[in-house]
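Participant: Starting from these lines, generate the structure:
(one chain, ligands or ions: 1)
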Amino acid sequence: MKTIKGKLVDIVQRDIYNAILTIEDGKIQNIQKAKEEFSEYLLPGFIDSHVHIESSMLKPSEFARMAARHGTIATVSDPHEIANVCGLEGVYYMIKESEKVPVKIHFTAPSCVPATEFENTGHSLSSKEIEILMKEPKIVALGEMMNYPGVLNDDPEVYAKIKVAFDAGKPVDGHAPELGGERLKKYIRAGISTDHECTRLEEALEKIENGMHILIREGSAAQNFGVLHPLITTYPELCMFCTDDCHPDYLEKGHINTLVSRAIAAGHNLFDVLRVSSYNASKHFRINTGMLQLGDPADS
Ligand SMILES: [Zn+2]
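Facilitator: Residues are numbered from 1 along each chain as shown. From the prediction side, this is the model:
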């Protein structure tokens, strides 16, 4: 058993207070308010809620080494790029390679390998293989359902993959750029609960109004933070941050911490920003994360 002392940034109660945390078996067992004044801050670590680690050109352990320096404590990673090349074997490599690193790297089972039936990438993942992956504790969801024409046209294999995820009690990630109206409603009715492809605020608002969670994406390939950040204040419980693609030169400069800084600079409430950067993804994907320990800002 060990204890950590600090100013606890409590996102749920929206408060900051001096506290002593008791840690046992790698988990917080108790939080005790303290009368003493501490200088270090303790807050939940940041989560990248959707990233293809392969696009960083790094293996998961190296990605973790770089991301941890920026306060990232967990990711939800879709290994669909390696799955296109190596199939199940590639997915298991990513899981195994990420086991002994300080960042909790979680995965989604890639739903669209190959991305369309017109592609020949070398490997494919069927609903049978998704069923196998769903048994893995590190697989927390079905990965981005890029095949929205398949959802809209009642493709039985697409629905079989979604059913397998639901039977395992895991959510289904979306990918539906510019989908709106009745087509969007049908896509959501299939049980798809997130989208990270919004490039317009109105598009994101329509998806939120129909029940989706929006992943505000800012990475190497797509930058949507500037357009979507007003959602942090209007819908702080329904947004998360993600990079989607994160090249090594980008990751070297920063990660989710950069979005936290930009959101604070844009005038959003600290607790809303921290909720979007950590708590919401942890809750949606039912993942355990951990605390960041930051020095007294006056010292730095
Ligand atoms: Zn993606």
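
Participant: what sits against Ile47?
Facilitator: When contacts are counted by CB atoms under 8 Å, 6 or more residues apart in numbering, Ile47 is found next to 72-76, 240-241, 256, 277-278, 281-282, 287, 289. Just so you know, the C-beta spots here come from the backbone N, C-alpha and C atoms, and that holds for glycine as well.

Participant: Please identify the nearest residue in space to it, excluding sequence neighbours.
Facilitator: When the adjacent residues along the chain are set aside, Ile47 lies closest to Ala281, with 4.1 Å between them (CB to CB, 6 or more residues apart in numbering).

Participant: who does Asp10 bridge with?
Facilitator: With DSSP bridges applied, Asp10 shows beta-bridge pairing to Asp15.

Participant: Sorry, wrong one. I was asking about Ile214.
Facilitator: The residues listed as beta-bridge partners of Ile214 by DSSP bridges are Asp195, Cys239.

Participant: Go ahead and confirm it touches Asp195.
Facilitator: Yes - between Ile214 and Asp195 a contact is recorded at 6.1 Å, counting by CB atoms under 8 Å.

Participant: anything in contact with each of those two?
Facilitator: Residues touching both Ile214 and Asp195 comprise 204, 207, with contact defined as CB under 8 Å, 6+ apart.

Participant: measure Leu199 to Ile216 for me?
Facilitator: Residue 199: Thr, not Leu. The span separating Thr199 from Ile216 equals 11 Å under the rule CB to CB, to the nearest Å.

Participant: shared neighbours of these two, anything?
Facilitator: Listed as contacting both Thr199 and Ile216 by CB under 8 Å, 6+ apart are Asn224.

Participant: between the two, who's got more neighbours?
Facilitator: Comparing Thr199 with Ile216 by neighbour count (other CB atoms under 10 Å), the higher total belongs to Ile216, at 23 against 14.

Participant: So for that one, what's the nearest residue that isn't a sequence neighbour?
Facilitator: The spatial neighbour of Ile216 that comes closest, neighbours along the chain excluded (CB to CB, 6+ apart), is Leu228 at 4.6 Å.

Participant: Repeat that for Asn120.
Facilitator: Counting by CB to CB, 6+ apart, the nearest residue to Asn120 once its immediate chain neighbours are dropped is Pro114, at 7.0 Å.

Participant: so how many other residues sit close to Ser261?
Facilitator: Neighbouring residues of Ser261 were enumerated by other CB under 10 Å; the total is 12.

Participant: Let me know the secondary structure of it.
Facilitator: Each residue gets one of three states, and Ser261 gets helix by DSSP: H, G, I helix; E, B strand; the rest coil.

Participant: residues touching it, list them.
Facilitator: Here Ser261 is in contact with no residue (CB under 8 Å, 6+ apart).

Participant: Distance of it relative to Ile232?
Facilitator: In terms of CB to CB, Ser261 sits 13 Å off from Ile232.

Participant: do the same with Ala266
Facilitator: Using CB to CB, Ala266 is found at 8 Å from Ile232.

Participant: Settle it for me: which of the two has more neighbours?
Facilitator: For Ala266 versus Ile232, neighbours defined as other CB under 10 Å are more numerous around Ile232 (24 against 14).

Participant: where does that one fall, phi/psi-wise?
Facilitator: Main-chain torsions, Ile232, degrees, to the nearest 10: phi -60, psi -40.

Participant: Disregarding residues adjacent in the polypeptide, which is nearest to it?
Facilitator: According to CB to CB, 6+ apart, the nearest residue to Ile232 is His268 (4.6 Å).

Participant: now the one you found, what's its secondary structure?
Facilitator: From three-state DSSP, the assignment for His268 is coil.

Participant: what about stretch 8-28, start to end distance?
Facilitator: Start-to-end span of stretch 8-28 (CA to CA, to the nearest Å) is 13 Å.

Participant: So which bits of stretch 121-138 are buried?
Facilitator: Of all the residues in stretch 121-138, those buried under the rule 16 or more other CB atoms under 10 Å are 123-125, 127, 129-134, 138.

Participant: Then stretch 202-220?
Facilitator: Of the residues in stretch 202-220, those buried by neighbour count under the rule 16+ other CB under 10 Å are 203-208, 212-220.

Participant: Next step: the residues you listed restricted to helices.
Facilitator: Using DSSP state H, the members of these that fall within helices are 203-208.

Participant: between the residues you listed, which is nearest Lys96?
Facilitator: The closest of those to Lys96 turns out to be Lys207 (CB to CB; 34.9 Å).

Participant: so that closest one touches Ile214, yeah?
Facilitator: Yes - with the criterion set as CB under 8 Å, Lys207 and Ile214 qualify as a contacting pair; they are 6.2 Å apart.

Participant: Many thanks, we can stop here.
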